[in-house]
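**Student:** could you look at this predicted model? Sequence included:
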Amino acid sequence: MRYFIVLLVLLTGLAQAEIYKTTNADGEVIFSDQPSPGAEQVQLPELPTYSAPSAHTRARTTSAAQKQPPKSHYQSMVFTTPEDDATLRTNLGDVSASVSLQPVLKIRLGHRIQYYLDDVPHGKPVAMTKISFTNLDRGSHLLSASVVDAQGNSIISTDTVVFHLHRASINFPNR
């Protein structure tokens, strides 16, 4: 580690100088800017550089980007129910979910909503902003949704919502 730091200091201070590498009798590797008997010259890669685009070029690309239509047909997509980190109590394991989509779902363009439960697609994409899940297991579940086009490409997605389902246990029916 010590030799690496020495090498780094030499490289930064002597960017244009030649670097030589030798190994002493104890097997330690030594880097130096002075050639010594048995030393080999180290070939360093060229330092990367960056040239910023001119202000004129940046202004042109910004105005071109502003003229392009937005890529998404939608401004927002969020779950209204269940709320994130909600605790739901239902002994049947039935959970209803509702999505708010702005603007409304563009069914004529072939857009549908794909729901995901625990990161697995739940059924086929549907043209409904409400869905019901039945007989879910107790515990925490992840819920998300995406608007997909006719080819199945995602257009907009919700954030993942976590909900906790409580069901009466057959092991402790009185609790």
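**Tutor:** Yep, it's here. Residues are numbered from 1 along each chain as shown.

**Student:** Glu18 against Glu40, yeah?
**Tutor:** No: taking contacts as CB atoms under 8 Å, Glu18 lies outside contact range of Glu40: 11.0 Å. To be clear about C-beta, it is placed using only N, CA and C from the backbone, and glycine gets the same treatment.

**Student:** tell me the spacing between the residue in the chain sticking out farthest from the centre and Gly27.
**Tutor:** The C-alpha centroid of the chain is most remote from Pro37, which lies 53.5 Å away (CA atoms, centre = their mean). Taking CB to CB, to the nearest Å as the measure, Pro37 falls 17 Å from Gly27.

**Student:** tell me how many other residues crowd Thr90.
**Tutor:** Neighbourhood size, Thr90 [other CB atoms under 10 Å]: 13.

**Student:** how much space separates it from Phe133?
**Tutor:** Thr90 is 10 Å from Phe133, by CB to CB.

**Student:** coming back round to it: the residue farthest from the centre of the chain and Thr23: what is the separation?
**Tutor:** For Pro37 relative to Thr23 (CB to CB), the value is 12 Å.
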